[in-house]
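**Q** coordinates only, sequence not included:
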């Protein structure tokens, strides 16, 4: 494990720099919106710059977390313990990459309470990065829950007409799942202590311990519910369209691009490695729900009248594919799922940005209010098209690589589900291209309407980096996949053979008889 | 055997007498003297408490023992009293509340609390309880021209006397069956682990527990609580929602913790407590969900929090109980403090509609209240989250998984109404702009200290947690 570069706690700095920025912003005088916007943008750009150092410094050969920092915090296993491995590194990068773009995109859209907006955006960034870098379950939960609050404010203050309903639904849905997960964490904490006589909530320690099948089932269900709500898995998805439609553009972007990934990430980081036996048991059921989600989300997207809810349902569909791949539990599918998580973050983020750009001009998101916009906005039309094709998985763009990997893997595990899952390719092409045709082509809805200006420089600066990355990842996916390989194999190993061990919560056994803990595996 | 065991108590009582005497005989109408006497006596008590740490002082044949649990809670009471006093400095004169009387009664109540938490004998507990009760009734009714306040005091007095009668009846039964009123003997009717207590004995114990439940506002003995909490002057509400609860729970903990894990009739009592905990959490939270007045909402939330605290009692875990109490002190005092800051001259502005748009009008007050509410809801990284974390995890570790699940589901309901208040402050626009009190530095100091406490205990409770753990290990094994 490599030490932090020259003793600099890089991961902690990246995690808490946005938080520090938000604290500074609080003390900026009210009214100086421009200074606030610039400051927040500078902070997030700096964070992204530092996270690139993480990328270049990351070795990835061992499959274990790198840049590890560990300090005792509250005692009894509740430690401060962060680091990145091949699975989390790119999600950190995604969050750090999209936050400045989201801030830039709301330069004009958010005119009211700019200071609070910037503060919450930066807090959200700290929460998102924190979830991905946590190597301790307690720390993970703290970030997981804490992150809800900025998003709650972002939707509730700067959202649309039904924003309060949407934000309450979002928070309560998510919290319901995570509170049950909290009880499961308590049970894990207690079971680990009974099994080994020491306290630990380090994820690696827990993953190295095998819990009794009965206990695993309950814990997996509790964790799985929290993650399934977040993904969201059909039929727990109902909060998502509401939240997306009401959220401001920047909120939608981060919600779709990063927050949804946390559910899938949760399965890969915790749900499956900690409770492999239960995960294998429930994988078929979850896969079926994922397939239903793929088809249902796609069909719903076809009939939406609002562009934002169309993209929201497309997220349900795409996330279904990612989960289907995750539960195939083989190498190709897992790499595909992880890669597809990045792709979905980029393409859906870009789509929400595009919808936001249109909305800023005309203040409507209804598809029927548009038509022929391509004539007035040629540059925008091009970028919008690329984002769509990326989302639909056109070869040459990033989405294709992810989908093809996913399908290779899924076919390897279940051909029927794979066959049904492939429908996503057709469905997403249909609803996206149909959307494009209705909005961008055809006669101009109102030739007198001068509001449809083409992109200005700021908007180009928001969209172009994402488009460039889409093309780059489509052409050179190996730059990312190779850094993932070792971690993915390590993860898949952890789901397989483990020393057979029994440790139920209520059954007191003599310590020696119960468990083969990490100590016995030569660690 | 040391007279020093009484020192903190004497300091407080002396302060109370001085405050009341000055109030009665000094004709000047500023109440600086009483307030100063109160502050001095609280400081002296604080110093004495700190000096007694680790000495294990006891008096009255060890019926009054300053063990670490008692000392920590006594320190908490001193802190609460200081908060209440600071909050009242401006609040009281503006509502025609006699500050001198408030000071005296407050100190008397604190002395009652101190007796309760340091006693190991039922009769001494009763002594403390009555001192506390009588002063609380008077504190509640301090706004004599206000009908809500008087009604609350009358209600509190009637119901309280009823509970007192329960207590005495229970005492009589205990004494009749065991011939001794010390906790140790009263527990089992003979301390042998296997000896099952006689049914009448458990009945006596149950009556006492019910009387304590009344003080802590546990469902179904909570009926008085919302009206009293809402009707009392806001600083007094802070006191009532925290202090009697803490003392009652400490007594319950001393009595019930040794029962944890035992079989027989004793476990029956614990099961009843667990049921009461579940009931309290759900009734308190569901009732709070429907409130339109934030003070009343917080009153119901105080009932719900009694339920969470009872979970710690069922788990028999003192560390989490004390940590929760301290965290709750900060977040609850802070939340009511903001409400006190929002009230104008003579009237309270605490309805949800009054709070609408507060985020724009008073960003700092609104942000503070938001932090307190998020902490009450148990969202990290605040003290409230860590407190819940420790309590519920103790419950799971002791095998009370169903209780923990009920508790987290109840906190979900809790989150809904705490967030409702935040919605009003930040996501709705003001319909009217009620006039606020002018600057009130002492109150703002309290709010700031609470804010500091909530954040610090949530992020880095290090020393306090270590202190509590050290204090309570080996105390009840």
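**A** Okay, I see it. Model, not experiment: these values are computed from the prediction.
**Q** isn't residue A:350 up against residue A:467?
**A** Yes: under the contact definition of Cβ atoms under 8 Å, residue A:350 touches residue A:467, with a separation of 7.1 Å. Where you see a C-beta, it was placed from the backbone N, CA and C, and this is true even at glycine.
**Q** so which of the two has more stuff around it?
**A** Using other Cβ atoms under 10 Å in any protein chain shown as the criterion, residue A:350 and residue A:467 rank with residue A:350 on top: 29 against 20.
**Q** list the contacts of that one.
**A** With contacts defined as Cβ atoms under 8 Å, 6 or more residues apart in numbering or on different chains, residue A:350 is in contact with A:383, A:387, A:390, A:463, A:466-467, A:470.
**Q** would you map the strands across the chain?
**A** As the question left the chain open, I've gone with chain A. When assigned using DSSP state E, the strands of chain A occupy the ranges A:66-75, A:78-84.
**Q** I was thinking of chain B, sorry if that wasn't clear
**A** B:58-59, B:64-65.
**Q** for the ones you listed, which one sits closest to chain A?
**A** strand B:64-65 (28.1 Å; Cβ to the nearest Cβ).
**Q** how far off centre is the closest one?
**A** For strand B:64-65, the separation from the chain centroid amounts to 21 Å (computed by Cα atoms, centre = their mean, to the nearest Å).
**Q** same check, this time on stretch B:32-52
**A** Stretch B:32-52 sits 20 Å away from the centroid of its parent chain (Cα atoms, centre = their mean).
**Q** what does it rub up against?
**A** B:4-5, B:7-8, B:11-12, B:14-16, B:18-20, B:22-23, B:26, B:66, B:71, B:74-75, B:78, B:81-82, B:85, B:89, B:99-100, B:103-104, B:106-107, B:110.
**Q** how does it look with 6 Å?
**A** Contact partners of stretch B:32-52, identified using Cβ atoms under 6 Å, 6 or more residues apart in numbering or on different chains, comprise B:7-8, B:11-12, B:15, B:18-19, B:22-23, B:66, B:71, B:74-75, B:78, B:81-82, B:85, B:100, B:103.
**Q** next: stretch A:371-380.
**A** Under the criterion Cβ under 6 Å, 6+ apart, residues A:381, A:439-440, A:442-445, A:452, A:454-455 lie in contact with stretch A:371-380.
**Q** buried set for it?
**A** Neighbour-count burial for stretch A:371-380, counted by 16 or more other Cβ atoms under 10 Å in any protein chain shown, picks out A:371-374, A:376-377, A:380.
**Q** ok, residue A:369 - how many residues close by?
**A** 15.
**Q** got the contact list for residue B:468?
**A** The neighbourhood of residue B:468, defined by Cβ under 6 Å, 6+ apart, consists of B:319, B:322-323.
**Q** now, of the strands of chain A, which is deepest in the fold?
**A** Here the criterion is mean neighbour count by mean count of other Cβ atoms under 10 Å in any protein chain shown, and of these the winner is strand A:78-84, at a mean of 23.
**Q** between which two of the contacts of residue A:350 is the distance greatest?
**A** A:390 and A:463 (12.1 Å; Cβ to Cβ).
**Q** which one of the two has more residues nearby?
**A** Neighbours of residue A:390 and residue A:463, each counted by other Cβ under 10 Å, are more numerous for residue A:390; the result is 30 against 24.
**Q** against residue A:473, how distant is that one?
**A** Using Cβ to Cβ, to the nearest Å, we find residue A:390 at a distance of 9 Å from residue A:473.
**Q** and the stretch 201-350 of chain A, which residues reach chain B?
**A** Applying the criterion Cβ under 6 Å from any Cβ of the partner chain, no portion of the stretch 201-350 of chain A neighbours chain B.
**Q** low-confidence stretches in chain B?
**A** In the predicted model of chain B, residues B:1, B:27-30, B:185-197, B:260-266, B:344-347, B:432-438, B:474-477 satisfy pLDDT under 70.
**Q** contact residues of the stretch 51-200 of chain A facing chain B?
**A** If contact is defined as Cβ under 6 Å from any Cβ, the residues of the stretch 51-200 of chain A in contact with chain B are A:142, A:145-146, A:156-157, A:164, A:175-176, A:179, A:183, A:186-187, A:190.
**Q** measure how the top helix by length along chain A sits relative to strand A:78-84, angle-wise.
**A** When secondary structure is assigned using DSSP state H, the longest helix within chain A turns out to be helix A:163-196. Going by axes from the mean of the first three to the mean of the last three Cα atoms, to 10 degrees, helix A:163-196 is angled at 110 degrees with respect to strand A:78-84.
**Q** can you get me a residue count around the closest residue to residue A:461 other than its chain neighbours?
**A** The shortest distance from residue A:461 to any residue other than its chain neighbours is 6.3 Å, reached at residue A:104 (Cβ to Cβ, 6 or more residues apart in numbering or on different chains). Applying other Cβ under 10 Å, we find 20 residues neighbouring residue A:104.
**Q** what is in contact with residue A:390 and residue A:473 at once?
**A** Taking Cβ under 6 Å, 6+ apart as the contact criterion, the common neighbours of residue A:390 and residue A:473 are residue A:398.
**Q** can you name every helix or strand that the longest helix of chain A contacts?
**A** In this structure, helix A:163-196 packs against helix A:148-158, helix A:213-230, helix A:239-246, helix B:383-397, helix B:401-422, with contacts taken as 3 or more Cβ pairs under 6 Å, 6 or more residues apart in numbering or on different chains; DSSP states H and E.
**Q** other SSEs contacting the second one?
**A** Spelled out, that is helix A:213-230. Against helix A:213-230 (3+ Cβ pairs under 6 Å, 6+ apart) you get helix A:163-196, helix A:260-266, helix A:276-302.
**Q** if you set the cut-off to 10 Å instead, what comes out?
**A** helix A:137-146, helix A:163-196, helix A:239-246, helix A:260-266, helix A:272-274, helix A:276-302, helix A:307-326 (3 or more Cβ pairs under 10 Å, 6 or more residues apart in numbering or on different chains; DSSP states H and E).
**Q** and the first one, what's its mean pLDDT?
**A** Along helix A:137-146, the predicted confidence averages to a pLDDT of 93.
**Q** residues contacting the spatially closest residue to residue A:474 that is not a sequence neighbour?
**A** Nearest non-adjacent residue to residue A:474, counting by Cβ to Cβ, 6+ apart: residue A:397, 4.1 Å away. When contacts are counted by Cβ atoms under 10 Å, 6 or more residues apart in numbering or on different chains, residue A:397 is found next to A:343, A:346-347, A:386-391, A:467, A:470-475.
**Q** and which of those is nearest chain B?
**A** For those, with chain B as the reference and Cβ to the nearest Cβ as the criterion, the closest is residue A:346, at 29.7 Å.
**Q** what's the burial count for that closest one?
**A** Using other Cβ under 10 Å as the criterion, residue A:346 is surrounded by 26 other residues.
**Q** residue contacts, it?
**A** A:94, A:97-98, A:257, A:387, A:390-391, A:397-399, A:465-467, A:469-470, A:473.
**Q** what pLDDT does it get?
**A** At residue A:346 the predicted local distance difference test score is 93.
**Q** and for the one 5 residues further on?
**A** Here, the pLDDT recorded for residue A:351 equals 92.
**Q** now it: how far from residue A:317?
**A** Relative to residue A:317, residue A:351 is positioned 13 Å away (Cβ to Cβ).
**Q** now do residue A:346
**A** With Cβ to Cβ as the criterion, residue A:346 and residue A:317 are 17 Å apart.
**Q** kindly provide the distance from residue B:340 to chain A.
**A** If you measure residue B:340 against chain A using Cβ to the nearest Cβ, to the nearest Å, the figure is 24 Å.
**Q** please pull out the lowest mean pLDDT helix or strand from chain A.
**A** Of all helical and strand segments in chain A, the minimum by mean pLDDT, DSSP states H and E falls on helix A:511-514, at a mean of 38.
**Q** tell me, what residue is most central in chain B?
**A** By Cα atoms, centre = their mean, the mean C-alpha position of chain B lies nearest to residue B:242, the distance being 1.9 Å.
**Q** quick one: contacts for the residue of the stretch 201-350 of chain B found nearest chain A?
**A** Closest contact between the stretch 201-350 of chain B and chain A, by Cβ to the nearest Cβ, is at residue B:319 (10.3 Å). Residue B:319 is in contact with B:312, B:390-391, B:394, B:465, B:468-473, counting by Cβ under 10 Å, 6+ apart.
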